[in-house]
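Trainee: Following is a predicted model, sequence given first.
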Amino acid sequence: MSLPRVIPALLLKGNGLVNGVKFKNHQYIGDPINTVKIFNDKEVDELIILDIMASLKGDEPNFQILKELASEAFIPMGYGGGIQSLDQAKKVFDLGFEKVVLGTAALMNTDLIASIANVYGSQSVVVSIDVRKSWFGTYRLYGYSGTKKMNKVLKTFIDQIILAGSGEILLNNIDNDGTKEGYDLDLIREISELASVPIVSLGGAWEISDLKKGIQAGASAVSAGSMFVYEGKFNAVMINYPKYSEIESCFEVKK
């Protein structure tokens, strides 16, 4: 069997990388170029780069830093943050990124998904879904880096983005993000039953066993931020990634 993808997710703020808890209290963790170089050496499956300020500020992607990142990367990369048009997506692809990640833009305009997918294929379009559980136990969609609750029904939105051409969903419970408490497995199970496209789980993974649990719950791939940039209970910054043998053991792949 092939191994599930294990994907570091890096948060970009300005020209630096940051990491936070529940989409808040972001701390600087290092230079993105150096970090990409380290992940090159560690032969990661894929990287996700997310600009957490672009949509909030209404800015377009920082194409200069994306150019620098793409020039250093020898691994597949996806980028999200501030993409609001086909032309902006084209610039990202032209720089060398394999995927674009649409969050707030997809919530506001599912036609953008279709316009990109029609040109570059569904496999190149990822929709980022950020949720929180309401007092009534239902999941509610949030946009603008988790700062605004959206008046959309989750199931209906998933149907819409898949119909529009999204080839993958990046799924995150904001209240698990950065907590080191593991993924929201109930959320993964619920969305995997609703969605006919692969799900990448994000938010809360800390131990390698968390990755396995995410796959068992229904995710096709697993992603994490803190797990791959911190070490120890005091969050010492250390870029890391499991060895291939550890990933094989995690997913119980027998040679």
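Mentor: Everything's here; your move. Numbers count the residues shown, from 1 in each chain.
Trainee: Am I right that Gln64 sits in a strand?
Mentor: No - read with DSSP: H, G, I helix; E, B strand; the rest coil, Gln64 is helix and lies in no strand.
Trainee: Tell me which residues are up against the helix or strand of the chain with the lowest mean pLDDT.
Mentor: Of all helical and strand segments in the chain, the minimum by mean pLDDT, DSSP states H and E falls on helix 54-57, at a mean of 90. For helix 54-57, the external contacting residues (CB atoms under 8 Å, 6 or more residues apart in numbering) are 60-62, 81-82, 103-105, 143-145, 147. Quick note: C-beta positions are derived from backbone N, CA and C, even for glycine.
Trainee: Just the ones of those residues in strands?
Mentor: Of these, the ones assigned to strands by DSSP state E are Gly143.
Trainee: neighbour-wise, which of the contacts of helix 54-57 leads?
Mentor: Highest neighbour count within the contacts of helix 54-57: Gly81, with 29 neighbours (other CB atoms under 10 Å).
Trainee: Chain neighbours aside, what residue packs nearest to that one?
Mentor: Asp51 (2.8 Å; CB to CB, 6 or more residues apart in numbering).
Trainee: Contacts only, for that neighbour.
Mentor: Counting by CB under 8 Å, 6+ apart, Asp51 touches 11-13, 61-62, 79-82.
Trainee: I'd like the contacts of helix 54-57 as a markdown table, with distance to Gly30 appended.
Mentor: A markdown table is the format used below for the contacts of helix 54-57 (distance: CB to CB, whole Å):
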| residue | distance to Gly30 |
| --- | --- |
| Glu60 | 24 |
| Pro61 | 20 |
| Asn62 | 17 |
| Gly81 | 18 |
| Gly82 | 22 |
| Gly103 | 23 |
| Thr104 | 26 |
| Ala105 | 28 |
| Gly143 | 27 |
| Tyr144 | 25 |
| Ser145 | 20 |
| Thr147 | 25 |
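Trainee: Which of the contacts of helix 54-57 sits closest to Asn172?
Mentor: Each of those was scored against Asn172 by CB to CB, and Gly103 proved nearest at 9.8 Å.
Trainee: pretty sure that closest one contacts Val126?
Mentor: No - with contact taken as CB atoms under 8 Å, Gly103 and Val126 are classed as non-touching, separated by 9.4 Å.
Trainee: what do those two both touch?
Mentor: The contact lists of Gly103 and Val126 share Gly80, where a contact means CB under 8 Å, 6+ apart.
Trainee: And the helices in the stretch 1-150 of the chain?
Mentor: Counting by DSSP state H, counting those that start in this stretch, the stretch 1-150 of the chain has helices at residues 32-41, 54-57, 63-72, 86-95, 104-108, 111-120.
Trainee: how about the contacts of helix 54-57 in CSV, adding distance to Lys243 and pLDDT?
Mentor: Shown next, in CSV, are the contacts of helix 54-57 (distance: CB to CB, whole Å; pLDDT from 0 to 100):
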residue, distance to Lys243, pLDDT
Glu60, 38, 95
Pro61, 33, 97
Asn62, 33, 96
Gly81, 31, 97
Gly82, 35, 96
Gly103, 32, 97
Thr104, 36, 95
Ala105, 37, 96
Gly143, 37, 96
Tyr144, 38, 95
Ser145, 33, 94
Thr147, 38, 95
